[in-house]
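Trainee: heads up, no residue letters with this:
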């Protein structure tokens, strides 16, 4: 099943069921009004939503209309908890090598960063930020959304709580990142609003590409229409189950908690590239002894898209432009 | 005006207006149903809520009933962003001295930690945690709640967005804290659910004790019925306006964002004590060369309360017990 949220001027938007090929949509409001209500009541609404999704796909719903991702918000436009993992250790290792960082990781414990969940952007919204000198970067990531998770579950017990999967551009302001990382208290100015794909999908939509708590598909990243990278999600050093189990060791996770994978990253970076500039710049240093890649300037356009086993776009594309603040 | 949230079995509870002396309450539902809706629509509901609060205080509301803080949730039972500052540098300085920490602070930049906002506890709920070996600690703090704040405002511009003030016990698990701090990505296992006072109040309820973006009142902390400390909120090295301005440099803050002050702390600790165990233990080391204060065990009870200029309890008391997980 594929779900999106129409921007109807409200904070939580209006839930849409979207066809598998992303061409048609239908309001979910006969079943549930918003994505947050759906995830809060997943057991009660899943069957009816799935039924309507099937009818939409077989073309038997008269009330369906053309799906327009330009009019969507983030699938979950805001929620009560967003954490971002850094589950591709390859990315961290490259960064540490290039910048001589000493991140004190504990073996077996995933890196997870608490993040804000009140300021998400839709897939085609302009991205305003105050200064180019903040060194704007993108990060192509997978993200999952869970229903209510009580504390203390094992990775195996927790994985069935993953109800939806999507992709995000987890924008970073690198001029602030190392300062905040060195201070130890996580990210504030380094991590402003996060951008979401138009559609979130149930794990079954991924077929066999969803296994081992990982998404075994390429994250295709384009900068200004040119290929930048297509690393595969299979390389997570921790599964989503492991990340969630560590996160919920001593806390309950509210329905709608979103967990990012961290920048998708591959050891085969020479052939598949990267999903963020910081990693490419680090590889520049390792490869050439100097940075040859610039941070994002105003007017640049980023695109992130994932294609499934049938070749179709799974989540639709994030496609957005960096702009100065209007103030 | 004083507001609370009745636990009616829903995730967001039911908004109550509470009398100044905390004895009587009335449903706000003729105006607005929940605290989150109130803060999202503050300009539209403030006048009507204030009017009803006045009538409640002068005894002219027949529909009022006895206020029972045992039945309250956190005033805002969940929200879309919670950040905790560490605005009393005195606390950090003591910790750094005792434990030989090297926190790389930047002068003029407040320490702010992104936190989860999906798992708040009411003032009298038992506090379950998995293991005493996690070294459970309390932290008595002030907290403010803002309405929608656009990015890029100055401290002076932002302060009027502070609509409510309350107190919290920002529980910490110290066995995880230094490890997570050293890694750099902020807190996960070190900072589980946060506990809130029964009541949040508009800043005018604090009289002249609300000035310079600080709350000039003592945070009274009791451990198992015995005095533990009463440091004053005036000692914040950054005002709430300064903290909020730094936080919103490049992000919009959603209505209902909660900002903690960090552990209230005073240089006069010999007379006023502390608001957390970690600081008391650090002072033990500085004073006696060894820790003489134990972390919290199951069954221990904590109380936090603030008294206003008229001697009355401002927010009601946080009074709760530490318990093992029922699992």
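Mentor: Perfect, I can see it now. In this text, all values refer to a predicted model and were calculated from it rather than measured experimentally.

Trainee: my guess is residue A:146 contacts residue A:163. True?
Mentor: Yes - using CB atoms under 8 Å, residue A:146 is in contact with residue A:163, at 6.4 Å. For glycine as for every other residue, the C-beta is placed from the backbone atoms N, C-alpha and C.

Trainee: higher neighbour count, the two?
Mentor: residue A:146 (26 against 21; other CB atoms under 10 Å in any protein chain shown).

Trainee: so who does the more buried one touch?
Mentor: A:39, A:158, A:161, A:162, A:163, A:244, A:253, A:255, A:256, A:257, A:259 (CB atoms under 8 Å, 6 or more residues apart in numbering or on different chains).

Trainee: can you name the residue of chain A nearest to chain B?
Mentor: residue A:186 (2.4 Å; CB to the nearest CB).

Trainee: can you pull the phi/psi pair for the closest residue to residue A:242 other than its chain neighbours?
Mentor: Leaving out its chain neighbours, the residue that sits closest to residue A:242 by CB to CB, 6 or more residues apart in numbering or on different chains is residue A:155, at 4.8 Å. Recorded main-chain torsions at residue A:155 are phi -50, psi -40, according to degrees, to the nearest 10.

Trainee: same check, this time on residue A:42
Mentor: Note on residue A:42: its backbone torsions stand at phi -60, psi -50 [degrees, to the nearest 10].

Trainee: give me every residue that touches it.
Mentor: By CB under 8 Å, 6+ apart, the contact set of residue A:42 is A:147, A:163, A:255.

Trainee: likewise residue A:23?
Mentor: A:66, A:67.

Trainee: show me chain A divided up by domain.
Mentor: A:2-70, A:74-324 (automatic domain parsing).

Trainee: hey, which of the ones you listed is tucked in deepest?
Mentor: domain A:74-324 (a mean of 21; mean count of other CB atoms under 10 Å in any protein chain shown).

Trainee: circling back to that earlier point, how close does the residue nearest to residue A:242 get to residue A:214?
Mentor: Using CB to CB, to the nearest Å, one gets 12 Å for the distance from residue A:155 to residue A:214.

Trainee: what's the following helix or strand after the strand or helix carrying residue A:167?
Mentor: Assessed by DSSP states H and E, residue A:167 sits inside strand A:162-169. Later in the chain than strand A:162-169, the nearest helix or strand by DSSP H and E is strand A:172-173.

Trainee: quick check: the residue of chain A closest to chain B touching residue A:111?
Mentor: No - contact criterion CB under 8 Å: residue A:186 and residue A:111 do not qualify, at 10.5 Å.

Trainee: what touches both of these two?
Mentor: Common neighbours of residue A:186 and residue A:111, using CB under 8 Å, 6+ apart, are residue B:185.

Trainee: might one say that residue A:179 is in contact with residue B:106?
Mentor: Yes - the criterion here is CB under 8 Å, and residue A:179 meets it with residue B:106 at 6.3 Å.

Trainee: and stretch A:254-266, does that touch chain B?
Mentor: Yes - using CB under 8 Å from any CB of the partner chain, stretch A:254-266 comes into contact with chain B via A:254, A:256, A:257.

Trainee: let's have the residues you listed in a markdown table, adding pLDDT.
Mentor: As requested, the residues of stretch A:254-266 next to chain B are exported to a markdown table (pLDDT from 0 to 100):
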| residue | pLDDT |
| --- | --- |
| A:254 | 98 |
| A:256 | 98 |
| A:257 | 98 |
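
Trainee: please flag which of those sit within strands.
Mentor: Using DSSP state E, no member of the residues of stretch A:254-266 next to chain B falls in strands.

Trainee: circling back to that earlier point, out of the domains of chain A, flag the one nearest residue B:51.
Mentor: domain A:2-70 (26.3 Å; CB to CB).

Trainee: got the end-to-end distance for stretch A:292-307?
Mentor: Using CA to CA, to the nearest Å, the end-to-end distance of stretch A:292-307 comes to 29 Å.

Trainee: identify the bridge partners of residue A:194.
Mentor: residue A:120 (DSSP bridges).

Trainee: residues in contact with it?
Mentor: So residue A:194 contacts A:74, A:82, A:115, A:119, A:120, A:121, A:168, A:169, A:170, A:171, A:260 (CB under 8 Å, 6+ apart).

Trainee: same thing but at 7 Å, please
Mentor: A:120, A:168, A:170, A:171 (CB atoms under 7 Å, 6 or more residues apart in numbering or on different chains).

Trainee: equivalent analysis for residue A:268, please.
Mentor: Per CB under 7 Å, 6+ apart, neighbours of residue A:268: none.

Trainee: can you do 8 Å?
Mentor: Contacts of residue A:268 by CB under 8 Å, 6+ apart are residue A:231.

Trainee: same thing with residue A:248?
Mentor: Contacts of residue A:248 by CB under 8 Å, 6+ apart are A:149, A:150, A:151, A:152, A:153, A:158.

Trainee: need these in a markdown table (columns: pLDDT, secondary structure and distance to chain B).
Mentor: Output for the contacts of residue A:248, formatted as a markdown table (pLDDT from 0 to 100; DSSP: H, G, I helix; E, B strand; the rest coil; distance: CB to the nearest CB, whole Å):
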| residue | pLDDT | secondary structure | distance to chain B |
| --- | --- | --- | --- |
| A:149 | 98 | strand | 10 |
| A:150 | 97 | coil | 8 |
| A:151 | 96 | coil | 7 |
| A:152 | 96 | coil | 6 |
| A:153 | 97 | coil | 9 |
| A:158 | 98 | helix | 14 |
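
Trainee: with distance to residue B:100 as extra columns, can I get these in CSV?
Mentor: Shown next, in CSV, are the contacts of residue A:248 (distance: CB to CB, whole Å):
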residue, distance to residue B:100
A:149, 38
A:150, 38
A:151, 33
A:152, 34
A:153, 37
A:158, 38
